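# I need the structure of the sequence given here:
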Amino acid sequence: MKKIKIGIAGCRGLSTLMGLRDIEDVEIAAMCDLDEDHLNKAAEEIGGDVKKFRIFEDMLESDIDAVIVATPMQCHVPQVLAALEAGKHVMSEVTAGVTMDELFWLCEAVEKYNKIYMFAENCVYIPKVQLVKQMVAKGMFGKPYYAEGMYLHDIHDILVYPSGKTSWRSYWQCGTRGNFYPTHSIGPVMQWFPDDYITEISTFTPGIHNPYGMKQDSGTTTMCRTNNGNLICLRTDCLSPRPHNMDRYTLQGTEGIFESAIYGKGRLAGDIDRVSLNSNKTEDGHMDWEALMNYKDLLPERYKNASEEQIHASHGGGDFFIVKDFIDAIRSGKQPELDVYKACEWTAVGLLSALSVANNGRTIEVPHFRPNMPLNEKVIKL
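Next comes the predicted model:
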């Protein structure tokens, strides 16, 4: 089996390190970062004969087969396009891009260069998300018709670097309006609607209430409608004073409901992921909650058989399996499930939400991202 050589751009990409090390015939051959101190520390952590680069294009000229792009979000599309043109496969961190035009370019480039593109939306791989997906497939929730995804994460402390310089997050995240970071919410819930894609969104906010001078709204809420008429509610809040809850989900179907834990940490720790199913009503005919993990035997086999090393890659093994799927896609030559079209659809929900907010919650049509999309559909429709 041919060894696959990986180059990592951006120290955030080290989250894939444990996963890559646990896959046979994979070598982390190169590391790239503008910050020399970060680069040296990353290379030391990787170990071996990893080559170090300050310039991304220089790394692309080295002997690597694929690139993991984990740089600030405004760098993703320019670097992905350069990598694809250089003949490299790519796994890109979220979000896929920062403008709608970038998303159209991205689809076109993947189609033109015929290389693997994978979206690194790791929340899709969290065990509870995968377990609910299996329960949906078995009809245990009946017909799903409503879901919620929330990303509640106060990031005011990373708007400025330790050096005192302004972070890119002050501009491309908290310097914008709308749902700037939707994919950790929408990626998982879309796993439970396998035949759906988002067709339109409307976004509402209570305004700007942060004390940091940021343009980001407090508690952005986006309502999404799918091609099958189902409804998804997304909430992002990154500047309100509150404990973190970055993976809060709900799924409602005709035969039951799933709700994730609300208090994962802190003084109220102990809350659990739970379900309530019509098939398990109490003796007096009422519905009640039970632990989601009562159904853990329905987890995909690879989760049930995960090694300690794979589980320790983070997210209960999810950070291993996402990397494994990327490597498997390279070896098979087949695009992964989290392909460029899903990446662009989920990212577009956030980008278009800013336009909706600016127009008092106006409904905005979401383009249907798919292979060979006609040019007249690569537009924003009001």
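# show me the longest helix that occurs in the protein.
What stands out as the longest helix in the chain, according to DSSP state H, is helix 340-358.
# just the buried positions in that helix, please.
340-357 (16 or more other Cβ atoms under 10 Å). In this view, the C-beta of every residue, glycine as well, is placed from N, C-alpha and C.
# who are the packing partners of the helix or strand following that helix?
Downstream of helix 340-358, the next assigned helix or strand under DSSP states H and E is strand 364-365. Strand 364-365 makes packing contacts with strand 198-204, helix 340-358 when contacts are defined by 3 or more Cβ pairs under 8 Å, 6 or more residues apart in numbering; DSSP states H and E.
# how far does stretch 136-152 sit from the chain's center?
On the basis of Cα atoms, centre = their mean, to the nearest Å, stretch 136-152 is displaced by 18 Å from the centre of the chain it belongs to.
# tell me which residues in it are buried?
Buried residues in stretch 136-152, counted by 16+ other Cβ under 10 Å: 136, 140, 141, 144, 145, 147, 148, 149, 150, 151, 152.
# what's the burial count for residue 376?
Look at residue 376: counted by other Cβ atoms under 10 Å, it has 6 neighbours.
# now do residue 17
The number of residues packed around residue 17, counting by other Cβ under 10 Å, is 19.
# shouldn't it be in contact with residue 28?
Yes. Taking contact to mean Cβ atoms under 8 Å, the distance of 7.2 Å between residue 17 and residue 28 places them in contact.
# shared neighbours of those two, which are they?
Taking Cβ atoms under 8 Å, 6 or more residues apart in numbering as the contact rule, the neighbours common to residue 17 and residue 28 are residue 46.
# do you know how far residue 353 is from residue 93?
According to Cβ to Cβ, to the nearest Å, residue 353 stands 20 Å off from residue 93.
# do residue 258 as well
Distance from residue 258 to residue 93, counting by Cβ to Cβ: 27 Å.
# ditto for residue 270
According to Cβ to Cβ, residue 270 stands 32 Å off from residue 93.
# what does residue 211 give?
Here residue 211 is placed at a distance of 29 Å from residue 93 (Cβ to Cβ).
# return the set of buried residues in whatever helix or strand residue 325 lives in.
Counting by DSSP H and E, the element that carries residue 325 is helix 318-332. Buried residues in helix 318-332, defined by neighbour count with 16+ other Cβ under 10 Å: 318, 319, 320, 321, 322, 323, 324, 325, 326, 327, 329, 330.
# what's the answer for stretch 205-222, then?
Buried residues in stretch 205-222, counted by 16+ other Cβ under 10 Å: 205, 210, 214, 216, 217, 218, 219, 220, 221, 222.
# list the contacts for the fifth one?
The reference is to residue 217. Contacts for residue 217 were tallied using Cβ under 8 Å, 6+ apart; they are 177, 178, 205, 206, 207, 208, 357.
# and what about it, helix, strand or coil?
When the structure is split into helix, strand and coil by DSSP: H, G, I helix; E, B strand; the rest coil, residue 217 lands in coil.
# so how far is residue 379 from it?
Distance, residue 217 to residue 379, using Cβ to Cβ: 26 Å.
# roughly how far does the nearest residue to residue 329 once chain neighbours are set aside sit from residue 194?
By the measure of Cβ to Cβ, 6 or more residues apart in numbering, the closest residue to residue 329 outside its immediate chain neighbours is residue 336, 4.3 Å from it. Using Cβ to Cβ, we find residue 336 at a distance of 15 Å from residue 194.
# which one's more surrounded, those two?
Looking at residue 336 and residue 194 with other Cβ under 10 Å, you find the greater number of neighbours at residue 336, namely 20 against 10.
# is it true that the more buried one touches residue 118?
Yes. Between residue 336 and residue 118 there is a contact at 4.7 Å, judged by Cβ under 8 Å.
# shared neighbours, those two?
Each of 325, 326, 329 lies in contact with both residue 336 and residue 118 under the rule Cβ under 8 Å, 6+ apart.
# got the contact list for the second one?
With contacts taken as Cβ under 8 Å, 6+ apart, residue 326 has the following neighbours: 66, 89, 91, 116, 118, 336.
# one more: the last one?
Residues in contact with residue 329 (Cβ under 8 Å, 6+ apart) are 89, 116, 118, 335, 336.
# phi, psi of the closest residue to residue 255 other than its chain neighbours?
Nearest in space to residue 255, with sequence neighbours left out and distances taken as Cβ to Cβ, 6+ apart, is residue 142 at 3.0 Å. Summarising the backbone geometry of residue 142 under the convention degrees, to the nearest 10, its torsions are phi 70, psi -140.
# can you read off the pLDDT for the closest residue to residue 380 other than its chain neighbours?
Using Cβ to Cβ, 6+ apart and skipping the chain neighbours, the partner closest in space to residue 380 is residue 100 (5.9 Å). At residue 100 the predicted local distance difference test score is 98.
# and residue 100, what is it in contact with?
348, 351, 352, 367, 380.
# and residue 205, by the same measure?
When the contact criterion is Cβ under 8 Å, 6+ apart, the partners of residue 205 are 177, 217, 218, 219, 220, 221, 357.
# now do 6 Å
Residue 205 makes contact with 217, 220, 357 under the criterion Cβ atoms under 6 Å, 6 or more residues apart in numbering.
# surely the second one and residue 234 touch.
What it means is residue 220. No. Between residue 220 and residue 234 no contact is recorded; they are 8.2 Å apart, counting by Cβ atoms under 6 Å.
# for the residue located most distally from the centre of the chain, what is the enclosing helix or strand?
Here the chain reaches farthest from its C-alpha mean at residue 284, the gap being 41.8 Å by Cα atoms, centre = their mean. For residue 284, there is no host helix or strand (DSSP H and E).
# quick check on it: phi, psi?
When quoted as degrees, to the nearest 10, the phi and psi of residue 284 stand at phi -90, psi 10.
# if I pick it, what's in contact with it?
The contact partners of residue 284, by Cβ under 6 Å, 6+ apart, come to none.
# how about residue 236?
Counting by Cβ under 6 Å, 6+ apart, residue 236 touches 151, 179, 181, 220.
# could you dump the buried residues of stretch 205-222 into TSV with pLDDT and distance to residue 300 added?
Formatted as TSV, these follow (pLDDT from 0 to 100; distance: Cβ to Cβ, whole Å):
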residue	pLDDT	distance to residue 300
205	96	37
210	96	40
214	97	40
216	96	36
217	94	37
218	93	38
219	91	34
220	96	33
221	98	32
222	98	29
